[in-house]
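> next come a sequence and a model predicted from it.
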Amino acid sequence: MSEAAGTPATPAEIEARIARRRENLARALDEIGTRVHPSTIVGDVRARAAASVDRTTGRALEAVNRTVTGVRSQVVSENGGPRLDRLVPVALLTVAAVGLLVVSARRRRR
């Protein structure tokens, strides 16, 4: 590249520069072709959708884990035993609700 030094470029230097530019252009066009190819676009969309599902699933699992931990802390004591002061009223309410459902179902049949 003697042109930078102030002397004109030789035909061989000009041809080499043109060849390099052609190679760079060919690489750029190949990359553009790959990026806009339908299978590449579909793959990108699938990857984004999978990442979105993974994020949503992760957030849902975290929420469920927090809820289960909160409920467990309400019905299990520090030593790991059941907290009867909280479980007995819940059990009684559950039995009462089931009883009401049974009575209601029997009345509807008559």
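That came through fine. Numbers count the residues shown, from 1 in each chain.
> just give me how far the helix or strand hosting Thr94 sits from the chain centre.
Thr94 is located in helix 84-109, with elements delineated by DSSP states H and E. Distance, stretch centre to chain centre, for helix 84-109: 41 Å (C-alpha atoms, centre = their mean, to the nearest Å).
> tell me what that helix is packed against?
helix 38-75 (3 or more C-beta pairs under 8 Å, 6 or more residues apart in numbering; DSSP states H and E). Placement of C-beta: from N, CA and C, glycine included.
> for the helix it packs on, give the mean pLDDT please.
For helix 38-75, mean pLDDT is 93.
> need the phi and psi values for Gly81.
Per-residue torsions, Gly81: phi -90, psi 160 (degrees, to the nearest 10).
> tell me the pLDDT at it?
90.
> distance of it from Leu29?
Using C-beta to C-beta, to the nearest Å, Gly81 is found at 72 Å from Leu29.
> same check, this time on Gln74
64 Å.
> what of Ala105?
Distance of Ala105 to Leu29, computed by C-beta to C-beta: 73 Å.
> equivalent analysis for Leu87, please.
For Leu87, the distance to Leu29 (C-beta to C-beta) stands at 71 Å.
> neighbour-wise, which of the two wins?
Leu87 (13 against 10; other C-beta atoms under 10 Å).
> tell me the confidence at the more buried one?
Reading off the model, Leu87 has pLDDT 89.
> neighbours of the closest residue to it other than its chain neighbours, how many?
Spatial nearest neighbour of Leu87, chain neighbours left out: Val75 (5.8 Å); criterion: C-beta to C-beta, 6 or more residues apart in numbering. The local packing of Val75 (other C-beta under 10 Å) involves 13 other residues.
> residues in contact with Val75?
Pro82, Arg83, Arg86, Leu87, Val90 (C-beta atoms under 8 Å, 6 or more residues apart in numbering).
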